[in-house]
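> With the sequence up front, the predicted model follows.
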Amino acid sequence: MRFTEELRREADPIFEAIRNHPFVRGIAEAFLSPAQITHYVQQDYLYLSTYAKVYSLGLAKCRTREEMRDFHERIGFILNAEVHPHLTLCRFANVSYEALQQGASMAPTAHHYASHMLVCAQAGTLGDVLATVLPCHWTYVDLARNIVHRDEPTKDHPLYEWIEFYANDDMLFGLTALCRWIDEYAERTSDEDRASMQEAFLVSCHMERRFFEMAYTLENW
Ligand SMILES: Cc1ncc(CO)c(N)n1
């Protein structure tokens, strides 16, 4: 079994819990309060800034120009393209994206997730960086494609663009490429590094579920 298949199998209950989380179902049914959406976007904006930095630290650990180009593209995508799903949510909640960013700081779960990724990126191997960022990509592709399959949203769904952003084939293509990279890396590395990657991956999966819980319950300090 490929390394990423093993990871995915072990994390299956967490992926299932994310698909059925009330915040995710709230996106599927366009039934979330403006406060819940505002909290999510505020926290996700801060989260994605850290996420881009984690990729930058990963870039410094790359061995080839091809790997560096891959990370560079992903950083550009996070900083530019991922603004769109946030704007879709803000339009739905009728809040201003610029206004909600003012004075925002990380809630406990966002802080925990950001710290986890930064520790992997600063103290870990290239494998740790790859493993800690993978759930971010994988859980969103999985939950969005699950919504498409289960709810068959049409263009008049107020959050259609959010769902489509993560469910489209380009996203799946990017995920598949990342998994292939990790599998090739895992084949060449030590048992110790693989075990550390597995832990980094699982903690990020748990944090993805908790991030939705944080948004749903308006968690704060
Ligand atoms: C917390 C979190 N995980 C994953 C994604 C998808 O990029 C996101 N925007 N936010």
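Arrived safely, thanks for sending.

> Quick check: residues of the protein near the ligand?
The interface of the chain toward the ligand, taken as Cβ under 6 Å from any ligand atom, is made up of Asp44, Tyr47, Leu48, Glu82, Cys136, Tyr140, Glu208, Phe211. Any C-beta I mention is one placed from the backbone N, CA and C, and that applies to glycine too.

> Can you say which helix or strand has the third one in it?
What it means is Leu48. If you go by DSSP states H and E, Leu48 is part of helix 34-59.

> And the host helix or strand of Trp162, what's buried?
Using DSSP H and E, the element containing Trp162 is helix 160-167. Of the residues in helix 160-167, those with enough neighbours to count as buried (16 or more other Cβ atoms under 10 Å) are Glu161, Trp162, Ile163, Glu164, Phe165, Tyr166, Ala167.

> likewise stretch 69-85?
The neighbour-count check on stretch 69-85 (16+ other Cβ under 10 Å) flags Asp70, Phe71, Arg74, Ile75, Ile78, Glu82, Pro85 as buried.

> Need the residues you listed in TSV (columns: distance to Ser196).
Written out in TSV, the entries for the buried residues of stretch 69-85 read as follows (distance: Cβ to Cβ, whole Å):
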residue	distance to Ser196
Asp70	21
Phe71	20
Arg74	22
Ile75	23
Ile78	24
Glu82	28
Pro85	31
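
> sorry, back to before: among the residues of the chain next to the ligand, show me the least confident.
Across those, the member with the lowest pLDDT is Glu82, scoring 94.

> can you count the residues close to the nearest residue to that residue once chain neighbours are set aside?
Nearest-residue entry for Glu82: Leu48, 5.8 Å, with adjacent residues in sequence omitted and distances by Cβ to Cβ, 6 or more residues apart in numbering. Using other Cβ atoms under 10 Å as the criterion, Leu48 is surrounded by 16 other residues.

> Could I get the contacting residues of Leu48?
Ile78, Leu79, Glu82 (Cβ atoms under 8 Å, 6 or more residues apart in numbering).

> Could you do Gly174 as well?
When the contact criterion is Cβ under 8 Å, 6+ apart, the partners of Gly174 are Arg74, Phe77, His137.

> Tell me the spacing between it and Cys136.
As for Gly174, its distance to Cys136 is 11 Å (criterion: Cβ to Cβ, to the nearest Å).

> what ranges do the strands span in the chain?
Counting by DSSP state E, the chain has no strands at all.

> Helices of that one, start to end?
Residue ranges of the helices in the chain, as given by DSSP state H, are 3-10, 12-19, 22-28, 34-59, 65-76, 83-93, 97-101, 108-123, 126-151, 160-167, 169-188, 191-217.

> which one of the residues of the chain next to the ligand has the most neighbours?
The member of the residues of the chain next to the ligand that has the most neighbours, counting by other Cβ under 10 Å, is Phe211 with 25 neighbours.

> Tell me the spacing between that residue and Lys61.
As it turns out, when the distance is counted by Cβ to Cβ, Phe211 lies 25 Å from Lys61.

> How about Arg180?
For Arg180, the distance to Lys61 (Cβ to Cβ) stands at 18 Å.

> Please say which of those two ends up with more neighbours.
Counting neighbours by other Cβ under 10 Å for Arg180 and for Lys61 shows that Lys61 has the greater number, 17 against 12.

> if you skip the residues just before and after it, what's nearest to that one?
In this structure, Lys61 finds its nearest non-sequential neighbour in Leu126, 4.2 Å apart by Cβ to Cβ, 6+ apart.
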